[in-house]
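J.: Give the three-dimensional model of this entry:
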Amino acid sequence: MRFALIGAGVIGAVHARLIEALGNEAELVAVVDRDLERAGKLVEQYGGRAYADPAEAYAAGELDAVGICLPSALHADVAIEALHAGKHVIVEKPVDITLAAADRLLAAQRSTGLTVSVISQRRFQPPVAQIRAAIDTGALGRVTSGIAESAFFRPQSYYDGDDWRGTLAVDGGGALMNQGIHALDLLVWMLGRPVEVSAQTGRLAHEGIEVEDLAGASIRFESGAIGLMLASTAAYPGRPVRLTIHGDQGTAVLDDDELAYFASADAGIPKAPVLDGPSDWGAVELAHLAQYRDFIAAVREGRAPMVPVEAGRRSLATVLAVYESARAGRPVEIKED
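T.: Model prediction:
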């Protein structure tokens, strides 16, 4: 599959490396960035041609799919442009920063019939797949609660490095929208449809930003299950994502990218899938690569990807409800549409 990347920054370089690692499955044929010199540097390393505008790359007629690696507020509109040009899309998280934008993208995906996947690579990690399999097979019984911790650290220089970081208009949010959303996505994937949130947020350790560096939330799900979420960029030195899922017949814990604990009243540990990729890559990198493979397979097989727009929208809706609840000082309902 022939890819163009829109955005040649740090995330664009990550995606270029993923495409290269796919070997014969994928080829990078274009890199688009308003900074043509920056696009050129990525092309020198990974191949393809550099363009300053997506329309120029689409007009070349040699693309199958587009990877969107831009600041969050640009995701949906750039993805929609790609869909209207006849290209499949894999877009970085979050799907965008407003539900209106996510809904525009969802409408464009449905009207074109093309494939769109939102990056949520942690779903592809083998221990995460084991926990999901334990839920699906009933090994945990009725799922009753979950706890997701994304206790990361970002120095002040992280926010100072780009003028859009930490802004409401472009970043859309802070520790939850941009870091914790991965753990939140797993919590929502495991527990189902969220219906109500009660939350608090704070800005405690960083200056000159408009967004939170700490968020805590209690989430009630349609099933009756309760989820707790902590997201931070103010937890030095930072810890790996930790996810705990409790059921009335078992408990599973993900910690440091491993299945750290598993107990079931009447079932063994589900078999873990094996991810292919470079031997020196970490667990999250291999999972990222697995999502690219799922996206390519979804296009070829004419099926939905494992993380469609609807999944990205649900996670975004939960994040925005957290923010609304924190502002209002009361519980907030989460509406699916």
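
J.: Show me how far stretch 129-144 is from its chain's centre.
T.: With C-alpha atoms, centre = their mean, to the nearest Å as the basis, stretch 129-144 stands 22 Å off its chain's centre.

J.: ok, and for it, which residues are buried?
T.: A129, Q130, I131, R132, A133, A134, I135, A139, L140, G141, V143, T144 (16 or more other C-beta atoms under 10 Å). Using the backbone N, CA and C atoms, a C-beta is placed for each residue, glycine as well.

J.: Can you pull the phi and psi angles for the first one?
T.: Spelled out, that is A129. phi -60, psi -40 (degrees, to the nearest 10).

J.: Also the one 10 residues further on?
T.: The main-chain torsion angles of A139 are listed as degrees, to the nearest 10 and equal phi -60, psi -30.

J.: Name the nearest residue to L105, ignoring sequence neighbours.
T.: Nearest residue to L105, sequence neighbours excluded (C-beta to C-beta, 6 or more residues apart in numbering): A76, at 4.2 Å.

J.: who touches the closest residue to E62 other than its chain neighbours in this structure?
T.: Spatial nearest neighbour of E62, excluding adjacent residues (C-beta to C-beta, 6+ apart): V29 at 5.5 Å. By C-beta atoms under 8 Å, 6 or more residues apart in numbering, the contact list for V29 reads R2, F3, A4, G47, G48, R49, A60, E62, L63.

J.: ok so, going back, using PDB, write out every CA atom in the helix or strand the residue nearest to L105 falls within.
T.: Using DSSP states H and E, A76 falls within helix 75-84. Below are the C-alpha coordinates for helix 75-84, written out as PDB (Å, rounded to 0.1, in the frame of the first residue of the first chain):
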ATOM      1  CA  HIS A  75      -7.200  16.000  12.200                       C
ATOM      2  CA  ALA A  76     -10.700  15.800  10.900                       C
ATOM      3  CA  ASP A  77     -10.700  18.400   8.200                       C
ATOM      4  CA  VAL A  78      -7.400  17.100   6.700                       C
ATOM      5  CA  ALA A  79      -8.700  13.600   6.900                       C
ATOM      6  CA  ILE A  80     -12.000  14.600   5.100                       C
ATOM      7  CA  GLU A  81     -10.000  16.300   2.400                       C
ATOM      8  CA  ALA A  82      -8.100  13.000   1.900                       C
ATOM      9  CA  LEU A  83     -11.300  11.000   1.800                       C
ATOM     10  CA  HIS A  84     -12.800  13.300  -0.800                       C
END
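
J.: I'd like the mean pLDDT over that helix, please.
T.: The average pLDDT within helix 75-84 is 98.

J.: Using the three-state scheme, assign the residue nearest to G47 when sequence neighbours are not counted.
T.: Nearest non-adjacent residue to G47, counting by C-beta to C-beta, 6+ apart: L28, 5.4 Å away. When classified by DSSP: H, G, I helix; E, B strand; the rest coil, L28 comes out as strand.

J.: Do you know the pLDDT at D337?
T.: D337 is assigned 65 on the pLDDT scale.

J.: Relative to R314, how far out is R242?
T.: As for R242, its distance to R314 is 22 Å (criterion: C-beta to C-beta, to the nearest Å).

J.: Helix or strand: which one has E212?
T.: Here E212 sits in a region with no helix or strand, counting by DSSP H and E.

J.: Hmm, A205 and it touching each other?
T.: No - using C-beta atoms under 8 Å, E212 is not in contact with A205, being 10.7 Å away.

J.: Grab the most central residue of the protein for me.
T.: S120 (3.3 Å; C-alpha atoms, centre = their mean).

J.: my guess is that one meets D185, correct?
T.: Yes - using C-beta under 8 Å, S120 is in contact with D185, at 4.7 Å.

J.: And T144, its phi and psi?
T.: When read as degrees, to the nearest 10, the backbone of T144 gives phi -110, psi -30.

J.: Next up, the contacts around I80.
T.: Shown in contact with I80 (C-beta under 8 Å, 6+ apart): R104, L105, A108.

J.: Let me see the confidence value for the last one.
T.: By that I understand A108. 98.

J.: Tell me how far it lies from Q156.
T.: Relative to Q156, A108 is positioned 38 Å away (criterion: C-beta to C-beta).

J.: who has more neighbours, those two?
T.: Using other C-beta atoms under 10 Å as the criterion, A108 and Q156 rank with A108 on top: 21 against 13.

J.: quick one: that one and A85 touch, right?
T.: No - the pair A108 / A85 is not scored as a contact, 11.1 Å apart, by C-beta under 8 Å.

J.: what comes into contact with stretch 214-225?
T.: Residues contacting stretch 214-225 (C-beta under 8 Å, 6+ apart): 142-146, 174-176, 180, 187, 191-205, 226-234, 318, 322, 325-326.

J.: go on, stretch 127-141?
T.: Contacts of stretch 127-141 (C-beta under 8 Å, 6+ apart): 122-123, 143, 186, 189-190, 243, 245-252, 254, 257-259, 262, 264-273, 287.

J.: what do you get for stretch 325-337?
T.: Contacts of stretch 325-337 (C-beta under 8 Å, 6+ apart): 103, 193-201, 212, 215, 217, 314, 317-318, 321, 324.
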